[in-house]
Each structure stands twice: as C-alpha cells, then as structure tokens.
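Peer 1: how would this look folded up:
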Amino acid sequence: MEAALRIVMYVKNQPGLGVLMSSNKNTTLTTYCDSDWASCTHTRRSVIGYMVKFRDSLLTWKSKKQTTISKSSAEAEYKNMAATVSESIWIIGLMKELGVNLKLPIDIYSDSKAVIQIADSKNFQNQSE
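Peer 2: Predicted coordinates for the structure are as follows:
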C-alpha cells in the first residue's frame with residue numbers, strides 16, 4: 001500500500017511527467033528472471049533479479065541478494081523463479097481488480113535449463129493427477 005501511495009503522489013506532484021505505458025492493445029504479461037550463483041565473495045550468497053513487462057512496457061523489476069546461501073546454481077535459479085511467479089500472481093490479481101483482462105498463461109523466461117525442466121516436470125505431475 002505504501003508503494004502504491006508513493007506512485008500516486010509522484011504522478012499527482014509531477015503532472016508533466018508520469019508513468020509511460022505502451023499504447024499497444026495486447027494484454028500480455030511477460031517475465032524474465034535470472035540469478036548469479038554465489039556472486040557475493042564475502043557471503044557466497046546469490047544475486048537474483050527479475051523484471052515483468054506489461055505489453056511492451058516495463059512494469060516492475062527487482063534485484064537483490066538472496067537471504068540464504070544456495071547449494072547450486074539450479075537452486076538459486078529455482079528460488080528466483082518462485083519469487084518471479086509470486087510477483088506475477090500478485091500483478092494478475094491487481095490487474096483483475098483494475099478491470100484489465102490479461103492474456104493467460106503468462107510467459108516466464110529463464111536461461112537455466114535445469115529450472116525449466118523442474119518447472120515442466122512439476123506442471124506435468126499436476127496435470128496427470
């Protein structure tokens with residue numbers, strides 16, 4: 001709620017500026033995620049990052065050091081993908097409240113083959129049950 005109020009105050013106080021959004025008519029939500037395993041030389045924690053695009057415009061992004069140490073790059077990437085999915089679910093709920101009908105399913109892009117295989121296998125298990 002605090003972040004939403006900041007955005008409203010920003011737009012209200014800067015009438016010449018604003019949050020620029022694409023005028024493209026598609027209603028797609030696209031996400032990208034990546035992590036850098038054990039990149040902090042002091043703590044060996046991974047740095048994760050993701051971005052979410054609505055239409056052709058950047059909607060939200062995050063980059064931070066993970067709170068725990070991952071034992072493998074696949075674990076760091078999987079944790080990051082889980083955070084990306086959580087953010088996407090929140091955005092889908094927000095868009096529903098605003099009356100925006102998103103095209104589902106959304107695309108999540110990751111460069112980790114291991115995480116893509118894990119995500120596909122979990123999806124396959126849920127569909128087969």
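
Peer 1: just want the most central residue of this structure.
Peer 2: Central residue of the chain (CA atoms, centre = their mean): Thr84, 3.5 Å from the mean position.

Peer 1: output the contacting helices and strands for the helix of greatest length in the chain.
Peer 2: Counting residues, the longest helix found in the chain (DSSP state H) is helix 73-97. Packing contacts for helix 73-97, counted by 3 or more CB pairs under 8 Å, 6 or more residues apart in numbering; DSSP states H and E, involve strand 28-36, strand 47-54, strand 57-65, strand 103-110, helix 113-128. For the C-beta atoms, the positions are set from N, CA and C on the backbone; glycine is no exception.

Peer 1: dump those into a markdown table; add mean pLDDT as well.
Peer 2: Below are those laid out as a markdown table (pLDDT from 0 to 100):
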| stretch | mean pLDDT |
| --- | --- |
| strand 28-36 | 89 |
| strand 47-54 | 89 |
| strand 57-65 | 86 |
| strand 103-110 | 88 |
| helix 113-128 | 67 |
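
Peer 1: to Pro15, which of those lies closest?
Peer 2: strand 57-65 (19.9 Å; CB to CB).

Peer 1: sorry, back to before: so how far is the longest helix of the chain from its chain's centroid?
Peer 2: 5 Å (CA atoms, centre = their mean, to the nearest Å).

Peer 1: please apply the same query to stretch 66-78.
Peer 2: That offset, for stretch 66-78, works out to 17 Å (CA atoms, centre = their mean).

Peer 1: neighbouring contacts of that stretch?
Peer 2: Stretch 66-78 has contacts (CB atoms under 8 Å, 6 or more residues apart in numbering) with 33-38, 43-48, 79, 110, 112, 114-115, 118.

Peer 1: now do it: distance from first to last residue.
Peer 2: By CA to CA, to the nearest Å, the extent of stretch 66-78 from end to end equals 12 Å.
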